[in-house]
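Peer 1: sequence and computational prediction follow.
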2 protein chains.
Amino acid sequence: MKQYRAFCFDLDGTVYRGKEAIPTAVKFIHQLQEKKLDVFFVTNNSSKTPSQIRETLKQFGIDASEKQIYSSALVTAKYVKERFGQAKVYVIGQDGIRRAFQEQNIGMVEEKPDVVVMGIDRMITYEKLTKACLAVQNGAALIGTNEDIRFPTEEGFHPGNGSFVKLVSQVCNVEPIFMGKPSPVMLEMIQQEYGYGKEEMLMIGDNYDTDILCGIRFGCDTVHVNTGVVKAEAVKEKELQPTYYVEDLSEFHI
Amino acid sequence: MKQYRAFCFDLDGTVYRGKEAIPTAVKFIHQLQEKKLDVFFVTNNSSKTPSQIRETLKQFGIDASEKQIYSSALVTAKYVKERFGQAKVYVIGQDGIRRAFQEQNIGMVEEKPDVVVMGIDRMITYEKLTKACLAVQNGAALIGTNEDIRFPTEEGFHPGNGSFVKLVSQVCNVEPIFMGKPSPVMLEMIQQEYGYGKEEMLMIGDNYDTDILCGIRFGCDTVHVNTGVVKAEAVKEKELQPTYYVEDLSEFHI
């Protein structure tokens, strides 16, 4: 086994499942922390702030600082700041994404934006979608925090942010830019900010199409855990393979 | 020129444009009415009732009875009645589609429907879409009044009903059934109810992908009018061609 320094975890399906912790994952994270190895949480969820995610982790027995949490909201705000400077942004989304833009001092507007940013918004309406469509037709860039078409809940799949971004994209005939996994942007940001080599980083997740592909596109090693929605048998049929397979993280020795 | 008996008109872009009549179309319809030829209006708009559409036509100087108006709402309600009998339906949509279901005595429910029907709904919310997604995952059939991804307005394209049906279809991985043009269901219903031969029917419209394809799939002759959103040059590149091209209906002699 290589010596990894930075362990990047997906959250739902990897560290917890809905409202329950996955004990083998929690124990593994405790071991990493005892050995002073670096732990990061990399999530496509743009609706919660790092502080809210930190609270959730705490409930599951994991101590983490906000700096260890990379959400698609945070990365999107940083990306807009870097690429579009003083752009005005029309935001569809909840707390997490709005807070992230406030913290980057990016102006949020309702009319004539330069960029339309879409994160999951359970209060989305026809009016908001129409505003986004008209802005994009008038030349605004279209950025989605993540491209998940659906996400699992106890009652079945709910519509994910990607399904709404796709709607706007089809109405306007414009290709969106996505920030969340499988885009490698979040792992790139961790690398830049801490100076790791790619060979020192490991991406751990249950979802091939987001987590594992994100690691592969970034160029680091990956672990598929069989504790979430996508089962190992299905992943074994894919052309590009994860580096490791484990049933749960008790099998992964450091 | 063949002898046609039933002239089926698209509305927006063919008979009027937004809030203005197209005088050549109005005059042509008057001529048909004087010659006692049959006129029908075939629209994908499910938000208005036949009585509301009749009022609109009246404002443009056209007298029509509600029986001459075939909307995707009416056809959808009749289709559900025929195919699903006493099914319970969850409806996303406005006046037109709700009224049509009431008139067919089909029960509209919020929970555990057998069929999910989607028409354009400017009050659509995340909650309504989630309800539709969960019902379809639990086995309900998915029917869209029409598949228009976008529709033109004075300020640009707004999201059309098809874009929301596609969203639910992608979240659930289920193919929807569409009632409106280019599906031939509305023309089939006119044929069944009046007993015309297909060679006696003519479909007239400005939009190749809805109107002309609807006529072609049904199997009657078609007229492309150059008064709407899709220009003749673009239509001339298509593999399946309309029977006639006219700039406007003053060129069409009966």
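Peer 2: Everything's here; your move.
Peer 1: which parts of chain A are strands?
Peer 2: A:6-9, A:16-17, A:20-21, A:38-43, A:69-71, A:89-92, A:115-118, A:141-144, A:150-153, A:156-159, A:177-178, A:201-205, A:221-225, A:244-246 (DSSP state E).
Peer 1: so what's A:Glu247 closest to, chain neighbours aside?
Peer 2: With C-beta to C-beta, 6 or more residues apart in numbering or on different chains as the criterion, A:Glu247 has its nearest non-adjacent residue at 4.9 Å, and that residue is A:Asn226. No exception for glycine: its C-beta is placed from N, CA and C like everyone else's.
Peer 1: and the one you found, how many neighbours?
Peer 2: By the criterion of other C-beta atoms under 10 Å in any protein chain shown, A:Asn226 has 16 neighbours.
Peer 1: OK, contacts around it?
Peer 2: Listed by C-beta atoms under 8 Å, 6 or more residues apart in numbering or on different chains, the contact partners of A:Asn226 are A:206, A:232, A:245-248.
Peer 1: pLDDT value on it, please?
Peer 2: Note for A:Asn226: predicted pLDDT of 97.
Peer 1: hmm, back to that, now tabulate the strands of chain A in a markdown table and tack on distance to B:Pro23 and mean neighbour count.
Peer 2: Listed next are these as a markdown table, based on distance: least, C-beta to C-beta, whole Å; neighbours: other C-beta atoms under 10 Å in any protein chain shown:
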| stretch | distance to B:Pro23 | mean neighbour count |
| --- | --- | --- |
| strand A:6-9 | 66 | 24 |
| strand A:16-17 | 65 | 18 |
| strand A:20-21 | 68 | 12 |
| strand A:38-43 | 59 | 22 |
| strand A:69-71 | 58 | 25 |
| strand A:89-92 | 40 | 24 |
| strand A:115-118 | 40 | 27 |
| strand A:141-144 | 40 | 22 |
| strand A:150-153 | 49 | 16 |
| strand A:156-159 | 45 | 20 |
| strand A:177-178 | 46 | 20 |
| strand A:201-205 | 63 | 26 |
| strand A:221-225 | 66 | 25 |
| strand A:244-246 | 71 | 16 |
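Peer 1: which of these has the lowest average pLDDT?
Peer 2: Mean pLDDT values for the strands of chain A show the minimum at strand A:150-153, a mean of 88.
Peer 1: in CSV, list the C-alpha atoms belonging to that strand.
Peer 2: Extracted as CSV, the C-alpha positions of strand A:150-153 are listed here (Å, rounded to 0.1, in the frame of the first residue of the first chain):
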residue,chain,number,x,y,z
ARG,A,150,-31.4,12.5,-8.9
PHE,A,151,-30.5,11.7,-5.4
PRO,A,152,-31.8,8.8,-3.2
THR,A,153,-34.0,9.5,-0.2
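Peer 1: which outside residues touch it?
Peer 2: A:18, A:157-160, A:163, A:229, B:133, B:170-171.
Peer 1: hmm, 7 Å instead?
Peer 2: Here strand A:150-153 makes contact (C-beta atoms under 7 Å, 6 or more residues apart in numbering or on different chains) with A:157-160, A:163, A:229, B:171.
Peer 1: of the residues you listed, closest to B:Asp121?
Peer 2: Within these, proximity to B:Asp121 (C-beta to C-beta) peaks at A:Pro159, which comes in at 15.0 Å.
Peer 1: contacting residues around A:Lys17?
Peer 2: Heads up, residue A:17 is Arg, not Lys. Contacts for A:Arg17 (C-beta under 7 Å, 6+ apart) come out as none.
Peer 1: sorry, that was for A:Ile22
Peer 2: Contacts for A:Ile22 were tallied using C-beta under 7 Å, 6+ apart; they are A:15-16, A:227, A:248.
Peer 1: and if you look at A:Lys181?
Peer 2: With C-beta under 7 Å, 6+ apart, A:Lys181 has these contacts: A:42, A:44, A:146, A:210-211, A:214.
Peer 1: that older thread, among the contacts of A:Ile22, which ones lie close to chain B?
Peer 2: Counting by C-beta under 7 Å from any C-beta of the partner chain, the subset of these that neighbours chain B is empty.
Peer 1: what would those look like in TSV with distance to A:Lys81?
Peer 2: Shown next, in TSV, are the contacts of A:Ile22 (distance: C-beta to C-beta, whole Å):
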residue	distance to A:Lys81
A:Val15	29
A:Tyr16	31
A:Thr227	35
A:Asp248	38
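Peer 1: neighbour-wise, give me the winner out of the residues you listed.
Peer 2: A:Val15 (27 neighbours).
Peer 1: how many neighbours does the residue nearest to that residue when sequence neighbours are not counted have?
Peer 2: Spatial nearest neighbour of A:Val15, chain neighbours left out: A:Ala25 (4.9 Å); criterion: C-beta to C-beta, 6+ apart. A:Ala25 is flanked by 27 other residues according to other C-beta under 10 Å.
Peer 1: cool, and A:Glu233?
Peer 2: For A:Glu233, the count of nearby residues is 8 (other C-beta under 10 Å).
Peer 1: confidence score at it?
Peer 2: For A:Glu233, the pLDDT comes out at 95.
Peer 1: show me what contacts the residue positioned nearest the centre of chain A?
Peer 2: The residue lying closest to the centre of chain A (C-alpha atoms, centre = their mean) is A:Asn44, at 2.3 Å. Residues in contact with A:Asn44, defined by C-beta under 7 Å, 6+ apart, are A:72, A:146, A:148, A:180-181, A:210.
Peer 1: let's see it at 8 Å
Peer 2: The contact partners of A:Asn44, by C-beta under 8 Å, 6+ apart, come to A:71-72, A:145-146, A:148, A:180-181, A:210.
Peer 1: what are the structural domain limits within chain A?
Peer 2: A:6-44+A:181-251, A:85-178 (automatic domain parsing).
Peer 1: against A:Gln59, how distant is A:Glu82?
Peer 2: Using C-beta to C-beta, to the nearest Å, one gets 34 Å for the distance from A:Glu82 to A:Gln59.
Peer 1: thinking again about what came up before, make TSV from the contacts of A:Lys181 and add distance to B:Asp10 to it.
Peer 2: Formatted as TSV, the contacts of A:Lys181 follow (distance: C-beta to C-beta, whole Å):
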residue	distance to B:Asp10
A:Val42	51
A:Asn44	43
A:Asn146	39
A:Thr210	43
A:Asp211	48
A:Cys214	47
